[in-house]
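1. I would like to see how this sequence folds:
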Amino acid sequence: MNKQYCIISFPETDYQPIILEKHQQISEHLTIENSPVLFGCRTGICGTCLVMIAGDIPPPSEEEKEILDIFASTNKQARLACQIELTSDIEIRHCGEQK
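-> Coordinates of the predicted model:
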């Protein structure tokens, strides 16, 4: 059975999980659904939406890698939330909250 929806959760926060269809642009929905993730430019250059992701998602593009090298070069779980293609259930944490 092909799963059509993905769950985005925010461990260790009071924010409720959000359910979205696969391949949706999560930056639009996370703002509407009142998530703890803040967005700035939404084009992947400002680094405002830098988060840590646990889950199986496509690797970052070359452009995203360049920005990640600037803002989180030593954190291999760091991603820009505005650039994520949602393909499976994921957990999102702010960088700096790694446990």
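2. in the protein, what helix or strand scores lowest on average pLDDT?
-> When each helix and strand of the chain is scored by mean pLDDT, DSSP states H and E, helix 26-32 comes last, with a mean of 87.
3. helices and strands around the next helix or strand after that one, which ones?
-> Sequence-wise, the next helix or strand downstream of helix 26-32 (DSSP states H and E) is strand 50-55. Using 3 or more C-beta pairs under 8 Å, 6 or more residues apart in numbering; DSSP states H and E, the elements in contact with strand 50-55 are strand 78-80, strand 90-94. Just so you know, the C-beta spots here come from the backbone N, C-alpha and C atoms, and that holds for glycine as well.
4. from these, which stretch is densest packed?
-> Among these, strand 78-80 has the highest mean neighbour count (mean count of other C-beta atoms under 10 Å), at a mean of 24.
5. do you know the pLDDT at Leu86?
-> At Leu86, the predicted lDDT confidence score is 93.
6. now do Tyr15
-> 94.
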